[in-house]
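Participant: need a structure here:
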Amino acid sequence: MVDDSNAIGTTYLRAQTLAEPIRTQSLQLLVRYTDTSIRLSHSVPTTSKARQAIADGQKLQRQLWGLAGQALAEAPVASAPRLYVESLNAMIDQQTVRVAALSNRVPGAVLAVEVIFAAAALGLLGFYLAILGRGVLPVLLSAALVCLLLLVTFDLDRPTRGLIRVPATPLTSLRASMELPPAATAPSRP
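Facilitator: Residues are numbered from 1 along each chain as shown. Next up, the predicted model:
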């Protein structure tokens, strides 16, 4: 999340150094792109909402890339368009990494094995304590702790829902900063 936010932020800053009208168009598209990334943060992977956010982001990436090509064509030896293209490429790559990470889940078979072996371990503990004539309290406490650990594992595997969530704070902070006037002025034409 932080890497994605930093990549968008760097691209936004570098877009400010482009010549008009590409500068304004790119800045507007980057604001929309940030909104799309925030939408992705609040959607559950593999749902239609997530797929739509990814598709919208890719569409904006293509538009931004087209503008970057125009900027390079208009000023092939200028450093601002080249730096912009570099950061735009990093932003697109980072979005791909983020989407892949959100879709990367622990296989159901692994989670099932964890539950089965936890149940077997607790069963053996209960059997052993029953042979020794010990109380039920240690088994219940052990069962509660193992269940809690399993719940944390299941919850961490779903970063957009559940009790433990990855916050979109870096992206929302970036989006708020985009409401301010651009820090750099557009270069003047010679």
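Participant: which residues of this protein fall in helices?
Facilitator: 2-15, 22-41, 48-74, 79-103, 108-132, 137-156, 169-177 (DSSP state H).
Participant: select, out of those, the one closest to Pro187.
Facilitator: Across the helices of the chain, the minimum distance to Pro187, taken as C-beta to C-beta, is reached by helix 79-103, at 6.9 Å. Yep, even glycine has a C-beta here, placed from its N, CA and C like the rest.
Participant: gap between the closest one and the chain center?
Facilitator: 13 Å (C-alpha atoms, centre = their mean, to the nearest Å).
Participant: give me the mean pLDDT for that helix.
Facilitator: Averaged across helix 79-103, pLDDT comes to 91.
Participant: would you format the helices of the chain as a markdown table with mean neighbour count included?
Facilitator: Conversion of the helices of the chain to a markdown table gives the following (neighbours: other C-beta atoms under 10 Å):
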| stretch | mean neighbour count |
| --- | --- |
| helix 2-15 | 20 |
| helix 22-41 | 20 |
| helix 48-74 | 16 |
| helix 79-103 | 17 |
| helix 108-132 | 12 |
| helix 137-156 | 13 |
| helix 169-177 | 16 |
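Participant: select, out of these, the one closest to Ala186.
Facilitator: So among the helices of the chain, helix 22-41 is nearest, using C-beta to C-beta, at 4.9 Å.
Participant: distance from that closest one to the middle of the chain?
Facilitator: Computed by C-alpha atoms, centre = their mean, the separation of helix 22-41 from the middle of its chain amounts to 15 Å.
Participant: for the protein, give me the ranges with low pLDDT.
Facilitator: 189-190 (pLDDT under 70).
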